[in-house]
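> Fold the following, please.
(chains A and B)
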There are 2 protein chains.
Amino acid sequence: MPITPPNYNDSLLPEAQRDRLEVVLVSPRNPLNIGAAARAMANFGLTRLSVVAPFAPTWREARSAIGAPDLLLSAIESATLAEAVARCTLVVGTGTLTYRKPEQPVITLPDLAPLVAQELARGGRVALVYGTEKHGLTRDDLAHCNLLVEIPTDPHQPSMNLGQAVAVCLYELSVRARGVENTPLAPTPAAPSGHLELLANLIEDTMQAAGYSPRGMEPANHHDLRLLLRRLNLTAHDTRRILGLFRRILWRLNRDKHSL
Amino acid sequence: MPITPPNYNDSLLPEAQRDRLEVVLVSPRNPLNIGAAARAMANFGLTRLSVVAPFAPTWREARSAIGAPDLLLSAIESATLAEAVARCTLVVGTGTLTYRKPEQPVITLPDLAPLVAQELARGGRVALVYGTEKHGLTRDDLAHCNLLVEIPTDPHQPSMNLGQAVAVCLYELSVRARGVENTPLAPTPAAPSGHLELLANLIEDTMQAAGYSPRGMEPANHHDLRLLLRRLNLTAHDTRRILGLFRRILWRLNRDKHSL
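Sure thing, here's the model as predicted:
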């Protein structure tokens, strides 16, 4: 007599939250790893994969995506990380701190689950971002992240395989980031990453129009500004208001310049 | 200024317990997966890998074992699963129930951690056993397991990649099976699997010598006996006494037969 397989749907994220947990791979080199990430996503019932500037043009054909060919076909290819996470309200970078000086909060994977649960419950959209196999996320990539998560590993061998790291994170969040269902009493959602990027660009234009800082400082300001905006935990509403203010300031600065 | 990488040793299993958590791969086909398992073990500070009847004779050369070549070189190759887990006191089979009728207790991975913590704390030796990539563990393999663990996955795509499944299990146990340190007050250790196998063989010989069951029943008895012995949770001391009893019985049966 065939037995009914157990249904673990109850152990995974609620279905209404699954399409708001995204995986973003930045410049992956090995299509096998892209396929492995897709397979792990399918195992945990997730569907939204983004690939930023992939190395191999044929990455969608990864044969390691067993059971997940649709997921690869529907994956989104972006030119930049900013574009890939534009709609996300909590952007989590992954990696090891071994060769990196963190500029944002760092937490371990077991501590991430409650934060993700809260963000999903209040209707937010969460991205888990993975860097290249060899070097992980760059400093510039990390400027788009609200926080950095680390998988606790042996200091002698901290660096995990990309597909395995994705599987471990998705397992942990599937099993332990099941928060409350969406509720109207939840705090307002955070600003999507794309709005913060708009704001950062607008502030930079304003700085330039106001002659605020020497040209040599621009790269440093660019970076620090992005970190700052993510540290502030702005809501979508805050961000719209600040955007409005800076649009007005910039318009006045430019008008005054031309009228001189 | 270089920053000191965080030390996650405190988040992993105590060093004194790490060499008592073993990974056993039964008939793996793809050396890439063996290497991936070795790499995940190194990531979580484990060292004892056994490979049972591997398909490719060159499996020790797996290039996917980044950071773990020593672990592959020192891995133990066995002809049978019985041999591989002979010293283990808690043998945990892994897999999905989708195509399988379980004959022993089944638990999910999050529920496994406390059992493993207790077994390691009382000085026991735990094996996590993985079957072939395509079909998982056979019914015969499972007869050597005390219990079967499942990773909660989407019923539409339950089957995980071998290297990813190993990484997920080792992450969970590293982070959550840290029990108390060894204590003299802990209950006595369970019997090693090899002693149970000795006892099973001895009981079979005794059944035969006593003319207990028709020859056609032997395969079924063989299987049920192994399941039964693992269900009893015999201590090492129990097992030694029962072995002694059956040795005596068998000796008498054979003596009486010859003296007829």
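
> Would you mind naming what in the stretch 51-200 of chain A lies close to chain B?
Residues of the stretch 51-200 of chain A lying close to chain B by Cβ under 8 Å from any Cβ of the partner chain are A:64, A:66-68, A:96-98, A:100-102, A:106, A:108-110, A:150-161, A:163-165, A:167-168, A:171-172, A:174-176. C-beta coordinates here come from the backbone N, C-alpha and C atoms, glycine included.

> any chance you could map the strands in the stretch 1-150 of chain A?
Secondary structure of the stretch 1-150 of chain A (DSSP state E, counting those that start in this stretch): strands located at A:21-26, A:49-52, A:76-78, A:90-94, A:106-108, A:126-130, A:147-150.

> Can you give me the neighbour number for the residue lying closest to residue A:45 once chain neighbours are set aside?
Nearest residue to residue A:45, sequence neighbours excluded (Cβ to Cβ, 6 or more residues apart in numbering or on different chains): residue B:154, at 3.8 Å. Neighbourhood size, residue B:154 [other Cβ atoms under 10 Å in any protein chain shown]: 20.

> Then residue A:250?
For residue A:250, the neighbour count with other Cβ under 10 Å is 18.

> pLDDT averaged over stretch A:142-159 - what is it?
Averaging pLDDT along stretch A:142-159 yields 91.

> Tell me which residues of that stretch come out buried.
Neighbour-count burial for stretch A:142-159 flags A:142-154, A:157-159 (criterion: 16 or more other Cβ atoms under 10 Å in any protein chain shown).

> and if you look at stretch A:160-172?
For stretch A:160-172, by 16+ other Cβ under 10 Å, it's A:160-172.

> next one: stretch A:230-247
Buried, per 16+ other Cβ under 10 Å, within stretch A:230-247: A:230, A:234, A:238, A:239, A:242, A:243, A:246.

> For the fifth one, which three-state class applies?
If I follow you right, that is residue A:242. Secondary structure assignment for residue A:242 (DSSP: H, G, I helix; E, B strand; the rest coil): helix.

> wait, isn't residue A:61 in contact with residue A:31?
Yes: counting by Cβ atoms under 8 Å, residue A:61 touches residue A:31, with 7.1 Å between them.

> Please say which of the two ends up with more neighbours.
More crowded of residue A:61 and residue A:31, by other Cβ under 10 Å: residue A:31, with 21 against 14.

> where does the nearest residue to that one once chain neighbours are set aside fall, phi/psi-wise?
Sequence neighbours aside, residue A:62 is the residue nearest to residue A:31 in space, at 4.2 Å (criterion: Cβ to Cβ, 6+ apart). For residue A:62, the backbone dihedrals (degrees, to the nearest 10) come out as phi -50, psi 120.

> Residue A:62 reaches residue A:28, doesn't it?
No: proximity of residue A:62 to residue A:28 does not meet the contact threshold set by Cβ under 8 Å, at 9.7 Å.

> overlap in contacts of these two?
Shared contacts of residue A:62 and residue A:28 (Cβ atoms under 8 Å, 6 or more residues apart in numbering or on different chains): residue A:34.

> How about the contacts made by residue A:76?
So residue A:76 contacts A:48, A:49, A:50, A:51, A:84 (Cβ under 8 Å, 6+ apart).

> of all these, which two lie farthest apart?
The most widely separated members of the contacts of residue A:76, counting by Cβ to Cβ, are A:48 and A:51 (11.4 Å).

> the more surrounded of the two?
Between residue A:48 and residue A:51, counted using other Cβ under 10 Å, residue A:51 has the larger neighbour count: 23 against 18.

> Pull the contacting residues for the more buried one.
A:24, A:25, A:28, A:34, A:59, A:75, A:76, A:77, A:78.

> Now do residue A:43: how many residues are near it, please.
Residue A:43, neighbours per other Cβ under 10 Å, totals 29.

> Check whether it really touches residue B:156, as I assumed.
No: assessed by Cβ under 8 Å, residue A:43 is found out of contact with residue B:156, at 9.5 Å.

> can you list the domains in chain A?
Following automatic domain parsing, one finds the domains of chain A at A:8-176, A:193-259.

> pretty sure the residue nearest to residue A:45 belongs to a strand, no?
No: judged by three-state DSSP, residue B:154 forms no part of a strand; its state is coil.

> I'd like the distance between it and residue B:96.
Distance, residue B:154 to residue B:96, by Cβ to Cβ, to the nearest Å: 11 Å.

> do residue A:198 as well
The gap separating residue A:198 from residue B:96 is 45 Å, by Cβ to Cβ.

> same deal with residue A:155?
From residue A:155 to residue B:96 the distance is 34 Å (Cβ to Cβ).

> Likewise for residue A:64?
From residue A:64 to residue B:96 the distance is 19 Å (Cβ to Cβ).

> what number of residues lie near the closest residue to residue A:119 other than its chain neighbours?
The shortest distance from residue A:119 to any residue other than its chain neighbours is 4.4 Å, reached at residue A:90 (Cβ to Cβ, 6+ apart). As a burial measure, residue A:90 scores 27 neighbours (other Cβ under 10 Å).

> count of neighbours near residue A:195?
Neighbourhood size, residue A:195 [other Cβ under 10 Å]: 21.

> Can you give me the pLDDT of residue A:167?
We have a pLDDT of 98 for residue A:167.

> list the contacts for it?
Taking Cβ under 8 Å, 6+ apart as the test, what residue A:167 contacts is A:36, A:40, A:43, B:160, B:161, B:164, B:165, B:167, B:168.

> what's near enough to touch the closest residue in space to the fourth one that isn't next to it in sequence?
Once its chain neighbours are removed from consideration, residue B:160 has its nearest residue in residue A:43; the separation is 5.3 Å (Cβ to Cβ, 6+ apart). The neighbourhood of residue A:43, defined by Cβ under 8 Å, 6+ apart, consists of A:67, A:167, A:170, B:151, B:153, B:154, B:157, B:158, B:159, B:160, B:164.

> how about 10 Å then?
By Cβ atoms under 10 Å, 6 or more residues apart in numbering or on different chains, the contact set of residue A:43 is A:12, A:66-68, A:167, A:170-171, A:174, B:151-154, B:156-161, B:164-165, B:168.

> same question, residue A:134
Counting by Cβ under 10 Å, 6+ apart, residue A:134 touches A:27, A:29, A:159.

> what's the closest of the buried residues of stretch A:230-247 to residue A:114?
Nearest to residue A:114 among the buried residues of stretch A:230-247, with distances taken as Cβ to Cβ, is residue A:230, at 19.1 Å.

> and the closest residue to the closest one other than its chain neighbours, what are its phi and psi?
Ranked by Cβ to Cβ, 6+ apart and with sequence neighbours excluded, the top spatial neighbour of residue A:230 is residue A:146, at 5.0 Å. Main-chain torsions, residue A:146, degrees, to the nearest 10: phi -80, psi -30.

> so who does residue A:146 touch?
Contacts for residue A:146 (Cβ under 10 Å, 6+ apart) come out as A:85, A:88-93, A:104-105, A:115, A:119, A:126-127, A:190, A:193, A:196, A:227, A:229-231, A:233.

> 7 Å instead, please
Residues in contact with residue A:146 (Cβ atoms under 7 Å, 6 or more residues apart in numbering or on different chains) are A:90, A:91, A:92, A:104, A:230.

> Tell me which of those has the lowest pLDDT.
Lowest-confidence member of the contacts of residue A:146: residue A:104, scoring 80 (pLDDT).

> wait, that one sits on residue A:149?
No: look at residue A:104 against residue A:149 with Cβ atoms under 7 Å: they stay out of range, at 10.7 Å.

> got the residue ranges for the helices in chain A?
Along chain A, the stretches classed as helices by DSSP state H are A:15-18, A:31-43, A:69-73, A:81-84, A:109-121, A:139-142, A:162-176, A:193-209, A:218-231, A:236-259.
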